[in-house]
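> The sequence and its predicted three-dimensional model are supplied below.
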Amino acid sequence: LPAARALVRSVRYGLNQRRNELWDRLVHLRLLVLFSMIATGIVAYALFALAVLQEVDEASVTAGITYYLVGAVVGLFGELYATARSRRGVVDDYGLSTARLLTVPLLAGIAAVGGVVLTRLGGTATADGLPPLQDIFSLEQYPFGLVIAAIFGLTPGLLLDRLSQQTEAYKKELAQTGRGAESQELPAD
């Protein structure tokens, strides 16, 4: 009987070690997502500040902000839709899904602006040079930019799908190991 108890304790210890490792991984992923949110926010504000310091005309700044907001809203709704469709277990992810939800609009907004710039440059660049900034960020001359911004606004959700798959695998394994394994006590000899 003491040998069986020692075996049970050993198995329980190994199980608890694995669960702790999985929790640590979830917390680490959350920190990475939060760091990317902070870095992305700094980049977005730096780009906006650069536009203001360079005294870019108001119509171009308004168009850029519009593209950013269209991408952010589409990205947010895409993330909410994906979150609603995915299976969520009873395992807590220590705020990882919330961090993703906060990060996606920032990434989607920057992706939308970048997508508009890339498609506009790809479609209008000539041997003479690149089109002026006023032509790239013009809602009147390039209304299709709103559609491009919406399409590119969905790309961060696609990029973060790998993170979702990894998170769900960790949560599934945590759920399979049992919720109360670390709190169970063995009876005394």
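That came in fine, so what should we check first? This structure is a prediction, so every number in the text was calculated from the model and none was measured.
> so residue 141 sits right up against residue 131, yeah?
No. Counting by C-beta atoms under 8 Å, residue 131 is not a contact partner of residue 141; they are 9.4 Å apart. Backbone N, C-alpha and C define where each C-beta goes, glycine included.
> all helices in the protein, in order from the N-terminus.
For the chain, the helices defined by DSSP state H cover 2-53, 58-85, 96-124, 133-136, 145-153, 155-159, 161-176.
> Could you list the low-pLDDT ranges of this structure?
87-91, 123-127, 157-166, 168, 170, 178-189 (pLDDT under 70).
> What count of nearby residues applies to residue 38?
11 (other C-beta atoms under 10 Å).
> what about it, distance to residue 75?
18 Å (C-beta to C-beta, to the nearest Å).
> Same check on residue 61?
In terms of C-beta to C-beta, residue 61 sits 21 Å off from residue 75.
> So for these two, which sits in the more crowded spot?
residue 75 (28 against 15).
> Can you name the residues that contact that one?
Contacts for residue 75 (C-beta atoms under 8 Å, 6 or more residues apart in numbering) come out as 104-105, 107-109, 111-112, 153-157.
> need those residues in a markdown table with distance to residue 18 and neighbour count, can you?
Shown next, in a markdown table, are the contacts of residue 75 (distance: C-beta to C-beta, whole Å; neighbours: other C-beta atoms under 10 Å):
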| residue | distance to residue 18 | neighbour count |
| --- | --- | --- |
| 104 | 30 | 29 |
| 105 | 35 | 23 |
| 107 | 32 | 24 |
| 108 | 35 | 31 |
| 109 | 39 | 28 |
| 111 | 37 | 26 |
| 112 | 41 | 32 |
| 153 | 38 | 31 |
| 154 | 36 | 20 |
| 155 | 35 | 18 |
| 156 | 31 | 28 |
| 157 | 30 | 24 |
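> Nearest to residue 146 among these?
residue 112 (9.3 Å; C-beta to C-beta).
> How about that closest one, nearest residue that isn't a chain neighbour?
Residue nearest to residue 112 in three dimensions, not counting chain neighbours: residue 71, with 2.2 Å by C-beta to C-beta, 6 or more residues apart in numbering.
> any idea how far the one you found is from residue 36?
16 Å.
> now swap in residue 46 and tell me
The gap separating residue 46 from residue 36 is 15 Å, by C-beta to C-beta.
> in stretch 47-66, what counts as buried?
51, 56, 60, 63-64, 66 (16 or more other C-beta atoms under 10 Å).
> Keeping just the C-alphas, turn it into CSV.
This file holds the C-alpha atoms of stretch 47-66, laid out as CSV (Å, rounded to 0.1, in the frame of the first residue of the first chain):
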residue,chain,number,x,y,z
LEU,A,47,2.9,57.6,-37.8
PHE,A,48,0.1,60.0,-36.9
ALA,A,49,2.6,62.4,-35.2
LEU,A,50,4.8,62.2,-38.3
ALA,A,51,1.9,63.2,-40.5
VAL,A,52,1.1,66.1,-38.2
LEU,A,53,4.7,67.3,-37.9
GLN,A,54,5.1,67.1,-41.7
GLU,A,55,2.0,69.3,-42.0
VAL,A,56,0.2,66.8,-44.3
ASP,A,57,-3.0,68.4,-45.6
GLU,A,58,-6.1,67.8,-43.5
ALA,A,59,-7.9,65.8,-46.3
SER,A,60,-5.1,63.2,-46.4
VAL,A,61,-5.0,62.8,-42.6
THR,A,62,-8.7,62.4,-42.6
ALA,A,63,-8.5,59.7,-45.3
GLY,A,64,-5.8,57.9,-43.5
ILE,A,65,-7.7,58.0,-40.2
THR,A,66,-10.8,56.8,-42.1
